[in-house]
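Visitor: Compute the structure for the input listed below.
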Amino acid sequence: MNVVVVESPSKAKTINKYLGPGYKVLASFGHVRDLPAKDGSVRPDEDFEMSWEVDGASAKRMKDIADAVKSSDGLILATDPDREGEAISWHVLDLLKKKRVIGDKPVKRVVFNAITKKAVLDAMADPRDIDISLVDAYLARRALDYLVGFNLSPVLWRKLPGARSAGRVQSVALRLVCDREAEIERFVTEEYWNISALLKTPRGDEFEARLVSADGKRLQPKAIGNAEEANRLKALLDGASYVVESVEAKPVKRNPAPPFTTSTLQQAASSKLGFSASRTMQVAQKLYEGVDIGGETVGLITYMRTDGVQMAPEAIDAARRAIGSQFGDRYLPEKPRFYSTKAKNAQEAHEAIRPTDFYRTPEQVRRFLDGDMLKLYDLVWKRGIASQMASAEIERTTAEITADNDGKRAGLRATGSVIRFDGFIAAYTDMKEDGEQAEDGEDGGRLPEIDAHESLAKQKINASQHFTEPPPRYSEATLIKKMEELGIGRPSTYAATVTTIVDRDYVAIDKRKLVPQAKGRLVTAFLESFFTRYVEYDFTASLEEKLDQISAGELNWKDVLREFWNDFFSQVEDTKELRVTNVLDALNEELAPLVFPKREDGGDPRVCQVCGTGKLSLKLGKYGAFVGCSNYPECNYTRQLSSESNGEAEAAVSNEPQSLGKDPHTGEEITLRSGRFGPYVQRGDGKDAKRASLPKGWTPATIDHEKALALLSLPRDIGAHPETGKMISTGIGRYGPFVLHDGTYANLESVEDVFSIGLNRAVSVLADKQSKGGARGRTAAAALKELGEHPEGGAITVRDGRFGPYVNWGKVNATLPRGKDPLSVTVEEALALIAERAAKGGGTKGKTSRSKTSAAGTKSAGPKAAKPNSAAKAKTKTAAKAKKD
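Guide: Now for the predicted structure:
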């Protein structure tokens, strides 16, 4: 028996069916080890030695693989056909060698681009050794990412409080988003006019022609810049006679696009289906790994992480046969089509993304796929088959028309086109990212019959005013397209890179557009000012090119690391001498449009509006950056740094605390204040003062004594639950307004509901939440059996939890022995388990998901407590073990 190792259990299950009883297929579940997230994992002083760590879950899987290999005849490593897949195979083999289970057993590496029986069996018949050059490229990339992240991020933390992290590729992707925002801010809108004439032929057909020349000069696009010029030209056309000078009809051919690569699939899925990049990759992974089609599990598409645009010869032949049978011979070009990529640094080592069987149409597999899988498969199938279809044949007609008004002449042009033969368009038409249809041969529509030298009748002259628009913000898809054009990142990293800058709160997604947040712009400005080279597009692309050269065996990976590290380490060391004033001066200049927006009165935006003499500047606090006055502490004006700052709201609470009245119960003063993290209300003074941040949608201008009292009174008790007798309360937390009962949280629709919801509706909202199987915070597991009272008081119950059945007494949870029937547990057995667990210092299995402070929604407000919940935002490193999209 041979052991075969793949990444995923679904892939293992499918391949096991193909190979039969002589093979045992096991899954590694992605990467089995990674660099520990701590200093010293990559050691430049020791010739870039690297320390690897295996987490608990991976250790168990490796034990299962090692146990199977011990009794096997050989090992076959069948992970994905890219650098990451090669690296996983190398890690697995290295760990098995250290466990001394390989011995003299044969070890082979096989790769296949599709999970079909033929592809897998063909790969098994053509094994090879692990490609060490691909592994070296992986090691170099992993070391580079670690060295940048673990040396640059601490610099950010020291010099730019509130920043989360920096990364070799993520920082450059973030710079793209921020540069586009700066371009939008610098954009100056210009007025322009378009003029057209609605004309009629002698046969009574109407069509539109646009003005293209006047006064003997050709008009460039947007050349008519004001109403005066537009009205002059409109008057000329109004009194003119019209004659057709020429009519030309030209045949034009439009060729199909190549099959999908990773980035073009993500772009098309975004524009056509509204999928995010990560969603596209999740669905594509399922289609690749296999779907049960009438009792047979088969992969529907080829490997989805690729920058190649060519299909295998046998796939081209299959596509051509399918075109002939499904569309007809007229749609089949004389020769097959061959493509090459235009992307910078493309490896083209793998096939494009295509169906594994072109005869398996979307309609045939519809009943076996869920909605998203069907949509994406339909996209891949149509684009793949269209790539081998005949060109679309279009007839484009252009009519040149002269307008004459007492010797003053102007030129107009009418264009139209019609599809004479649809060709590949019968299968697939591209869409632009903004949702508009791309050119498909029908721009301008069909013109009526127009003959040269005939006169035309004027029906109407249209002059329309327009204004130039700034370039649009990037969407996920257009950002990935730009990264690919520049040679930044690789197919396996595009989606993960975008996800990272969003998760770091550097970028927000609004209506599918990437909007840089203040924190992200600060990080980018800092890096551009003090680490310019490492966020340059060309430098990042050149590093990717060197990684490709390493994978081709043309460069030594440690030579690349040495060259990078010497300069990078020197740059990091230099920043240690940076003073905060140097950083602030650079950021003030770089981010002036964001930090100091123009004032409505035209005054100097850097002059403090409160004291009138101080100069505004960025300030760095413990929790991030804010804008403050140079006359502090005499002037305590502060303003939250935000891409969407509201001047009116800021001015309302920018100076001294504003009194809203007194608390009727305590007599303490209630004030409206502004902190670094926004406006808040406060009762009393000193460290014991109670504070509450203004909830989303509430502005300082709308806060009065009544609203302030309501905020400071949270949490609000509604009444006892009719079934449990426990109190139901409402509050405002990190995730918005909620209702709480016995550890279960349910969302409320609006902030106003927090103060108005009654007992009956609260019970209904909680019941709806529980019926959907969700709660904010973990609810206690339901009791399977009640055993009675503990000798020291309190009920003993048997419950079913996430990790299996257990005995519960107060805060002590004791897991039942494996195989023990929870319903057969006796009081005596339960007492013994509880005593044993208590002796070990055991308490509850998990921590309460929300603290009382957070639940109340009031103490975590104001300038100190309004900082982000760092504990909640801290991400575990476990996910880094899994192979990234």
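Visitor: Quick one: the strands in the stretch 701-850 of the chain, in order.
Guide: Assigned by DSSP state E, counting those that start in this stretch, the strands in the stretch 701-850 of the chain fall at 716-720, 727-733, 736-741, 744-747, 783-789, 795-801, 804-809, 812-815.
Visitor: and V807, bridged to which residues?
Guide: With DSSP bridges as the criterion, V807 is bridged to V798, A814.
Visitor: what's the helix or strand for the residue most central in space within the chain?
Guide: In the chain, the residue lying closest to the centroid (CA atoms, centre = their mean) is T499, at 3.6 Å. T499 is located in helix 494-503, with elements delineated by DSSP states H and E.
Visitor: got the contact list for that helix?
Guide: Identification of contacts with helix 494-503 by CB atoms under 8 Å, 6 or more residues apart in numbering yields 167, 169-170, 173-174, 177, 262-263, 266, 276-278, 280-281, 476, 479-480, 483-484, 489, 507-509, 514, 520, 875, 884-885. Placement of C-beta: from N, CA and C, glycine included.
Visitor: Filter the residues you listed down to just the ones in strands.
Guide: Among those, DSSP state E puts 507-509, 514 in strands.
Visitor: From the residues you listed, list the buried ones, please.
Guide: Buried by 16 or more other CB atoms under 10 Å: 507, 514, out of the ones in strands among the contacts of helix 494-503.
Visitor: Turn the ones in strands among the contacts of helix 494-503 into TSV, including pLDDT and distance to E208.
Guide: Shown next, in TSV, are the ones in strands among the contacts of helix 494-503 (pLDDT from 0 to 100; distance: CB to CB, whole Å):
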residue	pLDDT	distance to E208
V507	92	42
A508	91	42
I509	90	39
L514	94	37
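Visitor: burial count for R218?
Guide: 9 (other CB atoms under 10 Å).
Visitor: And the pLDDT for the closest residue to it other than its chain neighbours?
Guide: Leaving aside its chain neighbours, R218 sits nearest to V212 (6.6 Å; criterion: CB to CB, 6 or more residues apart in numbering). Confidence at V212, expressed as pLDDT, is 96.
Visitor: Could you verify that V212 is part of a strand?
Guide: Yes - V212: assigned to a strand according to DSSP: H, G, I helix; E, B strand; the rest coil.
Visitor: any idea how far it is from T415?
Guide: 10 Å (CB to CB, to the nearest Å).
Visitor: how about V560, what does it touch?
Guide: So, once contact is read as CB under 8 Å, 6+ apart, V560 ends up touching 140, 543, 546-547, 550.
Visitor: Just the element for it, please.
Guide: Per DSSP H and E: helix 557-575 holds V560.
Visitor: next structured bit after that helix?
Guide: Following helix 557-575 toward the C-terminus (DSSP H and E): helix 580-590.
Visitor: rewinding a little: nearest to K159, of the contacts of V560?
Guide: Taking CB to CB as the measure, K159 lies nearest L543 of these, at 24.1 Å.
Visitor: Assumed that closest one was part of a strand.
Guide: No - L543 sits outside any strand when classified using three-state DSSP, being helix.
Visitor: correct me, but it touches D567?
Guide: No - with contact defined as CB atoms under 8 Å, L543 does not reach D567; the gap is 12.0 Å.
Visitor: got a pLDDT number for K598?
Guide: 82.
Visitor: residues contacting it?
Guide: K598 neighbours (CB under 8 Å, 6+ apart): P605.
Visitor: ok, now how distant is it from E185?
Guide: 10 Å.
Visitor: try T826
Guide: 73 Å.
Visitor: Please apply the same query to G416.
Guide: Applying CB to CB to G416 and E185 gives a distance of 40 Å.
Visitor: on that earlier part again, for the strands of the stretch 701-850 of the chain, give me JSON lines that also has mean pLDDT.
Guide: Output for those, formatted as JSON lines (pLDDT from 0 to 100):
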{"stretch": "strand 716-720", "mean pLDDT": "91"}
{"stretch": "strand 727-733", "mean pLDDT": "90"}
{"stretch": "strand 736-741", "mean pLDDT": "88"}
{"stretch": "strand 744-747", "mean pLDDT": "86"}
{"stretch": "strand 783-789", "mean pLDDT": "73"}
{"stretch": "strand 795-801", "mean pLDDT": "78"}
{"stretch": "strand 804-809", "mean pLDDT": "82"}
{"stretch": "strand 812-815", "mean pLDDT": "86"}
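Visitor: and the ones you listed, which is most packed in?
Guide: Mean neighbour counts were taken over the strands of the stretch 701-850 of the chain using mean count of other CB atoms under 10 Å, and the top value, a mean of 23, falls to strand 736-741.
Visitor: Can you tell me which helices and strands whatever helix or strand L618 lives in packs against?
Guide: Take DSSP H and E as the rule and L618 turns out to sit in strand 616-621. Applying 3 or more CB pairs under 8 Å, 6 or more residues apart in numbering; DSSP states H and E, one finds that strand 616-621 makes contact with helix 580-590, strand 624-629.
Visitor: Could you look over the ones you listed and pick the most buried one?
Guide: Using mean count of other CB under 10 Å, strand 624-629 ranks as the most buried of the helices and strands packed on strand 616-621, with a mean of 23.
Visitor: can you tell me which residues contact P355?
Guide: Per CB under 8 Å, 6+ apart, neighbours of P355: 300-302, 377, 380-381, 384-385.
Visitor: Could you identify which of these has the most neighbours?
Guide: Most surrounded of those: other CB under 10 Å gives T302, at 31 neighbours.
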